[in-house]
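1. Mind looking at a prediction? Sequence and model below.
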Amino acid sequence: MWDVLLSLVVPCFNEEDVLTRFHARVTDELSALDGEFEIVYVDDGSRDGTLPLLRGLAAADPDRVRFVSFSRNFGKEAAMLAGLRHAAGDAVVIMDADLQHPPELVHRMVALHREGYDQVVARRTREGDRVTRTLTARLYYRAINRLVDVELVDGVGDFRLLSRRTVDAVLGLGEYNRFSKGLFSWVGFRTTTFSYENAVREEGRSKWTFGKLLNYGLDGLISFNDKPLRAAVYLGLLLVGVAFAYAAWIVAVALASGVDTPGYVTLLVAVTALAGVQMVMVGLIGEYVGRIYYEVKRRPHYLVAETHAGRETGTAPADTRAAGASLWETVVRK
Ligand code: UDP
Ligand code: MG
């Protein structure tokens, strides 16, 4: 008998097209589990009919449906954080609203969790993806795993089950710049991964543009350690070495065959290349300084505009119960 509460955390941003279908599918699946469940929807400042839909769902099933609605779009990371904070379950599954994460897999996750795993991670295969995206992803993960300390796996996203202690550990990491993939990996505990076939998005469209992906990739690189800075130091040393070698060579040539002035191209290339390298390095330092800037400001990750109303949640810690009452909940809890 499964006598614990399972929470489903669902970030939603403009998902009115699929939400009703998603809810029906998910409640079907979860009802088949022998245990209690709740669904925590997080409306990430949607500008379509998502919020009214959520109000309807919560009103129709107040015991099992909860929602948090942000004052504006704060991004999926913030939405997941809010969902985890509001989830009362002994195990929490994070899932996208667009049905790209097959709801039937929750059974498998719960089964594995019962076997004692704290994190059950669903890893999507890249079938059906564009070749370019698959290839860039592969290259990216190969590169990034050399650079960061935590292990990041291609195809592994936010679709996973977390045990209560894992959720608490993730919530204990108060950083402003959140790169969840890495945070989950950093937390550790007994983890298992299984693969599933990637489903094509049914309605609406992905909010990921190439630019966003690129920025996300850079975030992953910089969020976890200062190895890029160390790499910059080595590159600098290497360049100094090359400059010395080149100088020695020029002196040698001058001694052997006299002074030979032409060198306009060499000079120009060296100056522009070095200026470029310096620019990149300054940018790199800027990235870290920027992160410090955001951390010291201690702004909340999101602002809550509305919730399902501060109802009792049973096992939830006291401070999450009255979530609707505290606009500044992230600040308060820090
Ligand atoms: N999402 C969100 N806030 C955002 C962007 C996306 O809460 O600013 C949600 C979105 O509603 C969906 C999930 O995050 O449930 C994944 O988004 P999407 O499907 O656009 O990403 P992809 O599946 O392409 O990685
Ligand atoms: Mg999607």
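-> Arrived safely. Residues are numbered from 1 along each chain as shown. Ligands and ions are numbered 1, 2, ... in the order given.
2. ok, which stretches of the stretch 1-150 of the chain are helices?
-> Using DSSP state H, counting those that start in this stretch, the helices of the stretch 1-150 of the chain run over 16-31, 50-60, 76-86, 105-114, 131-147.
3. got these as TSV, with distance to F194 and mean neighbour count columns?
-> Using the backbone N, CA and C atoms, a C-beta is placed for each residue, glycine as well. Formatted as TSV, the helices of the stretch 1-150 of the chain follow (distance: least, C-beta to C-beta, whole Å; neighbours: other C-beta atoms under 10 Å):
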stretch	distance to F194	mean neighbour count
helix 16-31	17	17
helix 50-60	29	18
helix 76-86	21	23
helix 105-114	7	18
helix 131-147	18	13
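4. Next one: E287 from ligand 1, what distance?
-> Distance of E287 to ligand 1, given as C-beta to the nearest ligand atom, to the nearest Å: 21 Å.
5. Which residues are in contact with that residue?
-> Shown in contact with E287 (C-beta atoms under 8 Å, 6 or more residues apart in numbering): L218, I222.
6. how about the helix or strand encompassing it: buried residues?
-> In the assignment (DSSP states H and E), E287 maps to helix 264-297. Within helix 264-297, the residues scored as buried using 16 or more other C-beta atoms under 10 Å are M281, L284, E287, R291.
7. hang on, the second one packs against R230?
-> Read that as L284. No - the criterion here is C-beta atoms under 8 Å, and L284 misses it with R230 at 10.8 Å.
8. in the stretch 151-300 of the chain, which spans are strands?
-> 156-163, 191-196 (DSSP state E, counting those that start in this stretch).
9. how about V42, what does it touch?
-> Counting by C-beta under 8 Å, 6+ apart, V42 makes contact with 9-12, 67-70, 79-80, 82-83, 86.
10. what about 6 Å?
-> Neighbouring residues of V42 by C-beta atoms under 6 Å, 6 or more residues apart in numbering: P11, V68, A79, A82, G83.
11. Find the residue closest to it in space, skipping its chain neighbours.
-> Closest residue to V42 apart from its sequence neighbours, by C-beta to C-beta, 6 or more residues apart in numbering: A79 at 4.2 Å.
12. now do R25
-> P103 (4.9 Å).
13. Tabulate the helices of the stretch 1-150 of the chain in CSV, adding columns for mean pLDDT.
-> What follows is the helices of the stretch 1-150 of the chain, written out as CSV (pLDDT from 0 to 100):
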stretch, mean pLDDT
helix 16-31, 89
helix 50-60, 89
helix 76-86, 92
helix 105-114, 89
helix 131-147, 77
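14. Which one of the ones you listed lies nearest to V296?
-> helix 76-86 (18.6 Å; C-beta to C-beta).
15. got the contact list for the closest one?
-> With C-beta under 6 Å, 6+ apart as the criterion, helix 76-86 contacts 9, 11, 40, 42, 44, 68, 94, 167, 171, 178, 180, 301-302, 320, 323.
16. Most neighbours among the residues you listed, which one?
-> Each of the contacts of helix 76-86 was scored by neighbours using other C-beta atoms under 10 Å; the highest score is V42's, at 31 neighbours.
17. Who does it form a beta bridge with?
-> V42 forms beta bridges with P11, V68, as assigned by DSSP bridges.
18. before we move on, the earlier item: and the helix holding E287, what's its mean pLDDT?
-> On average, the pLDDT along helix 264-297 is 85.
19. Endpoints of stretch 258-266, how far apart?
-> With C-alpha to C-alpha, to the nearest Å applied, stretch 258-266 spans 18 Å between its terminal residues.
20. Check stretch 290-304 too.
-> End-to-end distance for stretch 290-304: 25 Å, by C-alpha to C-alpha.
21. and if you look at stretch 116-135?
-> Using C-alpha to C-alpha, the end-to-end distance of stretch 116-135 comes out at 35 Å.
22. Distance from it to the middle of the chain?
-> Offset of stretch 116-135 from its chain centre (C-alpha atoms, centre = their mean, to the nearest Å): 14 Å.
23. Show me what counts as buried in it.
-> Residues of stretch 116-135 classed as buried by neighbour count (16+ other C-beta under 10 Å): Y117, D118, Q119, V120, V121, A122, R123, R124, R126, T134.
24. Give me the subset of those lying in strands.
-> Q119, V120, V121, A122, R123, R124 (DSSP state E).
25. can you tell me which of the residues you listed lies nearest to ligand 2?
-> R124 (10.5 Å; C-beta to the ion).
26. which residues does that closest one contact?
-> Contacts of R124 (C-beta under 6 Å, 6+ apart): G155, Y196, N198.
27. Now it. Nearest residue, chain neighbours left out?
-> Leaving aside its chain neighbours, R124 sits nearest to N198 (4.3 Å; criterion: C-beta to C-beta, 6+ apart).
28. Can you list the neighbours in contact with stretch 55-73?
-> Identification of contacts with stretch 55-73 by C-beta under 6 Å, 6+ apart yields 23, 38-45, 51, 54, 82, 86, 302-308.
29. hmm, 8 Å instead?
-> For stretch 55-73, the surrounding residues in contact (C-beta under 8 Å, 6+ apart) are 13, 19, 23, 27, 37-46, 51, 54, 78-79, 82-83, 86, 302-308, 311, 313, 323.
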